[in-house]
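Undergrad: Starting from these lines, generate the structure:
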Amino acid sequence: MNVVDEQPGSPQPSGALPRVAFIGLGRMGAKMAWRLADSGLELAVYDARQAAVDRFPATRIRRSRSPEAVVVDCPIVVTALPGVRVAAEVIKAAHPAAGSLVIDLSPGNPADSRALGAALAERDVALIDAAASGGPEQAATGRLLVLAGGEAEHLKRAGVVLTRLAERLVHCGPLGSGLAMRALNSLLAAADFAATIETMQIGRRFGLEPDLMIEVFNLASGSNHATREEIEPFVLTGRFNSGTTLDQLVQDMTAALALATTTQTEVPLSRVAAEIWRLAGTSLEPGVDHTALARWYEHRTGTRLRR
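TA: Numbering: from 1, shown residues only. You can find the predicted model right below:
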């Protein structure tokens, strides 16, 4: 079935849910778009890849062939693209109407989001940065943690979309604050994960069992997200499929270190951790899950943590 750009519809009746344009139907974006459509929102979708658009039924969802077409009659535009700078180019090409609200779910640097917000404000278009934490399963079921930045009145307007995607929605502050919070959280989580794997490598080489180490860490002060949620289901089992890629984590860590530079904050430990993740990324296959960092350590040490 060919993609057909539908003609603009009639004006929405007062009190009706707004039509939403969704741009970016990748691994996470497609799940979020389906979630919005299934929750009752009238949706128009676009992606640079024709096949991604074709997966959405034309009987329920307006399928568009260009950024300009997808935003027609849509007062709310959602972007879920590889980065804020990519989103900025696509939004510029789309030309959302004055009075529109853009909700950008793309990862990236808070400074880029603020620059985009300033450019859109000149055209009377509002922007919310909405950093989503969680994997495809959470996106499909509306159980993401969404960290948002922007003006309170704009966030209230964005609620019709974000409350359908998020189990918890946190307003972090002005524009860019959502991305900043996501980047800092990822930096901390990545450092914890790497430190946990290194610690378990020591223990395993001494003769301790990985399952026992995790049990003790979680009973004691070494407990962290990696020990509680990641090591057993994704590392010890050898599944390595948590849903967050290593590339995503490195991108967030890079944004966090950029914030450190901007704020003139000395972070020697964080810079070492980021370099470890960067090196692993150059050795492992593209698109690998972030928990595969454990495989990288296993290869370097010759010591296996997997059962």
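Undergrad: for the chain, what spans make up the helices?
TA: Along the chain, the stretches classed as helices by DSSP state H are 29-38, 50-54, 67-70, 84-94, 110-121, 136-141, 152-165, 177-206, 210-219, 225, 246-262, 268-283, 293-301.
Undergrad: ok, of those, where does mean pLDDT dip lowest?
TA: Among these, helix 136-141 carries the lowest mean pLDDT, at a mean of 93.
Undergrad: who touches that helix?
TA: 27, 28, 31, 32, 34, 35, 132, 143, 144, 165, 167, 243 (Cβ atoms under 8 Å, 6 or more residues apart in numbering). Quick note: C-beta positions are derived from backbone N, CA and C, even for glycine.
Undergrad: now do 6 Å
TA: Contact partners of helix 136-141, identified using Cβ atoms under 6 Å, 6 or more residues apart in numbering, comprise 27, 28, 31, 32, 35, 144, 243.
Undergrad: about what we covered before: mean neighbour count and distance to residue 103 added to the helices of the chain, as TSV?
TA: Shown next, in TSV, are the helices of the chain (neighbours: other Cβ atoms under 10 Å; distance: least, Cβ to Cβ, whole Å):
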stretch	mean neighbour count	distance to residue 103
helix 29-38	21	10
helix 50-54	14	19
helix 67-70	20	14
helix 84-94	19	10
helix 110-121	20	12
helix 136-141	17	14
helix 152-165	17	5
helix 177-206	20	10
helix 210-219	15	37
helix 225	14	27
helix 246-262	19	19
helix 268-283	15	29
helix 293-301	19	31
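Undergrad: Out of these, which gets nearest to residue 101?
TA: helix 152-165 (5.4 Å; Cβ to Cβ).
Undergrad: quick one: contacts for residue 305?
TA: Contact analysis of residue 305 by Cβ under 6 Å, 6+ apart lists 200, 210, 294.
Undergrad: The helices of the chain into JSON lines, with extra columns for distance to residue 21?
TA: Converted to JSON lines, these look like this (distance: least, Cβ to Cβ, whole Å):
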{"stretch": "helix 29-38", "distance to residue 21": "10"}
{"stretch": "helix 50-54", "distance to residue 21": "13"}
{"stretch": "helix 67-70", "distance to residue 21": "5"}
{"stretch": "helix 84-94", "distance to residue 21": "8"}
{"stretch": "helix 110-121", "distance to residue 21": "15"}
{"stretch": "helix 136-141", "distance to residue 21": "18"}
{"stretch": "helix 152-165", "distance to residue 21": "11"}
{"stretch": "helix 177-206", "distance to residue 21": "20"}
{"stretch": "helix 210-219", "distance to residue 21": "44"}
{"stretch": "helix 225", "distance to residue 21": "35"}
{"stretch": "helix 246-262", "distance to residue 21": "24"}
{"stretch": "helix 268-283", "distance to residue 21": "33"}
{"stretch": "helix 293-301", "distance to residue 21": "37"}
